[in-house]
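*Asks:* here's my sequence, what's the structure:
(chains A and B)
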Amino acid sequence: DTAVSQTPKYLVTQMGNDKSIKCEQNLGHDTMYWYKQDSKKFLKIMFSYNNKELIINETVPNRFSPKSPDKAHLNLHINSLELGDSAVYFCASSPWGRRTGELFFGEGSRLTVL
Amino acid sequence: AQTVTQSQPEMSVQEAETVTLSCTYDTSESNYYLFWYKQPPSRQMILVIRQEAYKQQNATENRFSVNFQKAAKSFSLKISDSQLGDTAMYFCATKNNNDMRFGAGTRLTVKP
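*Replies:* Got it, this is the predicted structure:
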């Protein structure tokens, strides 16, 4: 069973389009994240949700909008795609609380904007 | 927010040798966690080892061990008996209050 699953794994689209990436975790975790990994492999946190509530919202363009319908799902919608949005987007989850441990990552979704 | 610095963009090591990857961090929190993740070409993020900041004893996981110097805010990873399968990007990370931040990564190549 896949613990954190993302769809699609690969996405190629044109500039100006709108696209979504979906994420689901079956670990029973309360907290979910979106990270962006650029071409230089740098991992930057974008958003974090705890039990459907937004708790981390980094400096990300308004074109990016996360949505968490329940604590097991965290989707990422991107409007008006730009070339610079090309990257690998990782979803992750972890238990909530100070004494928390590792993040469990999905396999990543590679977005290519042409 | 905390910051993480990995000063070695690339490193290489001969198979069966030992290599140490450096990491320094900065945080204002007293209770935090430190991690090393590995990302092979498959791009899956794999936890290598973790350290709780309040524990003085250095963590060890088989061939992987850390040198945690809390006062110096240093958290280096030592890989012993390097194997070809250790070739990957290695990321150091700090986590507190459910906020995990990563360093820029070190690309490690194990040569036969």
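*Asks:* and B:Arg43, what does it touch?
*Replies:* Applying Cβ atoms under 8 Å, 6 or more residues apart in numbering or on different chains to B:Arg43 gives the contacts A:Val88, A:Glu107, A:Gly108. Using the backbone N, CA and C atoms, a C-beta is placed for each residue, glycine as well.
*Asks:* and if you look at B:Met11?
*Replies:* B:Val19, B:Leu21, B:Thr106, B:Arg107, B:Leu108, B:Thr109.
*Asks:* relative to chain A, how far out is B:Ile46?
*Replies:* 8 Å (Cβ to the nearest Cβ, to the nearest Å).
*Asks:* excluding chain neighbours, give the residue nearest to that residue in space.
*Replies:* Distances taken as Cβ to Cβ, 6 or more residues apart in numbering or on different chains put B:Lys38 closest to B:Ile46, at 4.7 Å, once the chain neighbours are dropped.
*Asks:* how many neighbouring residues does that neighbour have?
*Replies:* 21 (other Cβ atoms under 10 Å in any protein chain shown).
*Asks:* so it makes contact with B:Ala88?
*Replies:* Yes. In this structure B:Lys38 lies within contact range of B:Ala88 using Cβ atoms under 8 Å: 4.7 Å.
*Asks:* confirm A:Leu74 sits in a strand?
*Replies:* Yes. Per DSSP: H, G, I helix; E, B strand; the rest coil, A:Leu74 lies within a strand segment.
*Asks:* that older thread, filter the contacts of B:Met11 to the buried ones?
*Replies:* B:Val19, B:Leu21, B:Thr106, B:Leu108 (16 or more other Cβ atoms under 10 Å in any protein chain shown).
*Asks:* identify the farthest-apart pair in these.
*Replies:* B:Val19 and B:Thr106 (9.7 Å; Cβ to Cβ).
*Asks:* may I have the secondary structure class of the residue nearest to B:Ile46?
*Replies:* B:Lys38 - assigned by three-state DSSP - is strand.
*Asks:* the residue in chain B positioned nearest to chain A - how many residues pack around it?
*Replies:* In chain B, no residue comes nearer to chain A than B:Met45, which is 3.8 Å away by Cβ to the nearest Cβ. As a burial measure, B:Met45 scores 26 neighbours (other Cβ under 10 Å).
*Asks:* please name the nearest non-neighbouring residue to it.
*Replies:* A:Phe105 (3.8 Å).
*Asks:* tell me the bridge partners for the one you found.
*Replies:* A:Phe105 forms beta bridges with A:Ala92, as assigned by DSSP bridges.
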